[in-house]
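A.B. asks: starting from these lines, generate the structure:
(2 chains)
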Amino acid sequence: MSEHGEVNLDELYREVVLDHHRHPRGRHPLPRVDARAHGFNPVCGDEVELAVALDGERIAGVEIQGHGCAICTASGSMMAELVPGRSVGEAEAQVETFRSVMHGGTWPTGSDPGDLEALEGVKHFPVRVKCALLPWVTLRDALRAWRQGHAQAETTSEEEGAP
Amino acid sequence: MLAPSPQASSFDPKVLAAHFPILSRTVHGRRLVYLDNAATTQKPDTVLAALARYYTTLNANVHRGVHTLAEEATAAFEFTRRRVARFVGAPDPRGVIMTRNATEALNLVARSWGERLSVGDEVLLTEMEHHSNLVPWIMLARQRGVALRHVPIDDNGRLNLRVFAQLLSPRTRIVAVTAMSNVLGTINPVAEMAEAARRVGAVVVVDGAQAVPHLQVDFAALGCDFLAFSAHKMYGPTGLGFLVGRPELLEMMQPLYGGGEMIREVRLDYASWNDIPYKFEAGTPNIADAVAFTAALDLLEELGMDAVRRHEVELTGYALERLASLGGLEIHGPRDASERGGLVSFADPQIHPHDLATILDTHGVAVRAGHHCAQPLMRRLGVPATARASFAIYNHRDDVDALVEGLRHARAYFGVGGAAS
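C.D. replies: Numbers count the residues shown, from 1 in each chain, chains lettered A, B, ... in the order given. Coordinates of the predicted model:
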């Protein structure tokens, strides 16, 4: 986002993003839960309640509740579509890739970001980057807690490590 | 029907706006419409010039040199102390302590007066306090085992004074309350509360960060013991705040910081304290900003706080009507502009405050979105966040119109409410 001159809101709120915001995926309760995390952005009050069902090392399903802005809601909705079926390691790698894109990097060649690509414009609105990342760092912390044998992790976006 | 035209104001906000250089810049190609004044106000050219003048003609350390510059800088610094005392009706300038901000002033009271409290004692606060008047007391409660009590608010955002009266008891050692809510705008009956608190022997601490810049606040008439506020919310520089206290209480308190200026005599293993207020002002203070702050006080005294208040009531009334006319917005706090300060917190049930603030920003309109450092109040209101427009002497109806236009655009963008841009 330039300091002067017009900004393009459409770059931030792409139609795909608004669609996820209006009809968020991953709101259905999971039949069973193997990992949980509570994500909170103390700056704006956005909250994510994340539950993950695992089938061995593979993510079987994701449930995401809470409340947040359009960017946070859409990002969580996209995550709920993208991560089921992936291994824990693949999901963790995707969190790291998305983080680096939000902090100014580009998608690695051969990666398939899916709808997440529509959030790339957020990186031009620095104060909104944490909104997009909150569901993902919450997923990272849920999976980390699960690896360490804990059922529940507490996340704040402050720990996410802004650029 | 909209409120009558602003003939009641005795100054022209557009003329004033021309004296605030930053207001002539653009944001995203639009005129800057600055409506985040409860966070910090912009600075007039007189304050900016006073800052430059200090460093070009006066700069020296205070209270410790015999040369001319040191003497002149000290005189200018102490002049600010007397001006601040006069501005808030404090009879004795020795009761004016310069701090970094209102937060530091509140922490000073909580820690230094708080040393006198112990298990069984209570501190009475309210549900609408800013974190700066909650967290220092939470820290005190953890350290000394005192209990915290909170006056609830009603659905109009006013304190429940019946419950306040019930919560007051001989165990109540401190009552700490904001004179004006930074979220709801509510103006609290602080004088009435102070009188009741004094009857049970409690010390009264008033957070004046929002009230002092916008209302006539008279320390002596309020009947409180401590009053905290910040220069940067009243057209002055950042990094300067004040604790105004009753001298007889300040005499009884221990300093928080040790170092230069706050001492009378130091040996290798012994030190005694300077007189008030200096014993609370260790180290080199924020001399330049303190000296420049008198230019902001000049401006407010020239306008008159009554005229400032009339202007803000008029503008807030206009904003409340324009926002209500949009339909479907939740507006927090008292409905009547005469019962509230110059700010309006609102939420669109279908658009998150952060999204609203981003879209308003593209219109050049700066508002605050978030919890406003009042998470317990957000919980009480049942909202994660609100958007807040807060007004100052240089805001006028065009600014409110720009806000409303931006909100219409946000709704059109999100396909809410059928409002067209």
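
A.B. asks: how far off centre is the lengthiest helix in chain A?
C.D. replies: As assigned by DSSP state H, the longest helix anywhere in chain A is helix A:129-147. Put simply, helix A:129-147 sits 7 Å off its chain's centre (Cα atoms, centre = their mean, to the nearest Å).

A.B. asks: which stretches of chain B have low pLDDT?
C.D. replies: Regions of chain B meeting the criterion pLDDT under 70 cover residues B:1-9, B:417-421.

A.B. asks: can I see the domain layout of it?
C.D. replies: B:6-43+B:304-414, B:48-301 (automatic domain parsing).

A.B. asks: residue contacts, B:L125?
C.D. replies: For B:L125, the contact set (Cβ atoms under 8 Å, 6 or more residues apart in numbering or on different chains) comprises B:133-134, B:137, B:148-151, B:176-177. The way it works is simple: take the backbone N, C-alpha and C, and place the C-beta from them, glycine included.

A.B. asks: drop anything exposed from those residues.
C.D. replies: Under a neighbour-count criterion of 16 or more other Cβ atoms under 10 Å in any protein chain shown, the subset of these counted as buried comprises B:133-134, B:137, B:149-151, B:176-177.

A.B. asks: now the stretch 51-200 of chain B against chain A: closest residue?
C.D. replies: The nearest approach of the stretch 51-200 of chain B to chain A comes at B:H131, 10.6 Å away (Cβ to the nearest Cβ).

A.B. asks: could you dump the helix or strand following the longest helix of chain A to CSV, C-alpha only?
C.D. replies: Next in sequence after helix A:129-147, counting helices and strands by DSSP states H and E, comes strand A:152-156. Extracted as CSV, the C-alpha positions of strand A:152-156 are listed here (Å, rounded to 0.1, in the frame of the first residue of the first chain):
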residue,chain,number,x,y,z
GLN,A,152,-4.3,-27.9,23.6
ALA,A,153,-2.1,-24.9,22.6
GLU,A,154,-2.5,-21.3,23.2
THR,A,155,-1.5,-18.9,20.5
THR,A,156,-1.3,-15.2,20.2
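
A.B. asks: okay, now stretch B:86-95: how far is its last residue from its first?
C.D. replies: From its first residue to its last, stretch B:86-95 covers 11 Å (Cα to Cα, to the nearest Å).

A.B. asks: and the contacts of it?
C.D. replies: Outside stretch B:86-95, the residues within contact range by Cβ under 8 Å, 6+ apart are B:78, B:81-82, B:84-85, B:96, B:208, B:212, B:217-221, B:227, B:229, B:244-247, B:250, B:275-277, B:297, B:300-301.

A.B. asks: off-centre distance for that stretch?
C.D. replies: Going by Cα atoms, centre = their mean, the spacing between the C-alpha centre of stretch B:86-95 and its chain's C-alpha centre is 18 Å.

A.B. asks: buried residues in that stretch, which are they?
C.D. replies: B:87-88, B:90, B:92-95.

A.B. asks: thinking again about what came up before, surely the residue of the stretch 51-200 of chain B closest to chain A touches B:H372?
C.D. replies: No: under the criterion of Cβ atoms under 8 Å, B:H131 makes no contact with B:H372, lying 9.2 Å away.

A.B. asks: okay, these two: which has more neighbours?
C.D. replies: When neighbours are counted by other Cβ atoms under 10 Å in any protein chain shown, B:H131 and B:H372 differ, and B:H372 comes out ahead with 25 against 16.

A.B. asks: surely the more buried one is within a strand?
C.D. replies: No: the assignment for B:H372 is coil, going by DSSP: H, G, I helix; E, B strand; the rest coil, so no strand is present there.

A.B. asks: what does it show for phi and psi?
C.D. replies: According to degrees, to the nearest 10, the main-chain angles of B:H372 amount to phi 60, psi 30.

A.B. asks: before we move on, back to that, right, and the domains of chain B - which one's nearest A:G85?
C.D. replies: Closest to A:G85 of these, according to Cβ to Cβ: domain B:6-43+B:304-414, at 30.0 Å.

A.B. asks: so which residues of chain A form helices?
C.D. replies: A:9-12, A:15-22, A:70-82, A:88-102, A:129-147.
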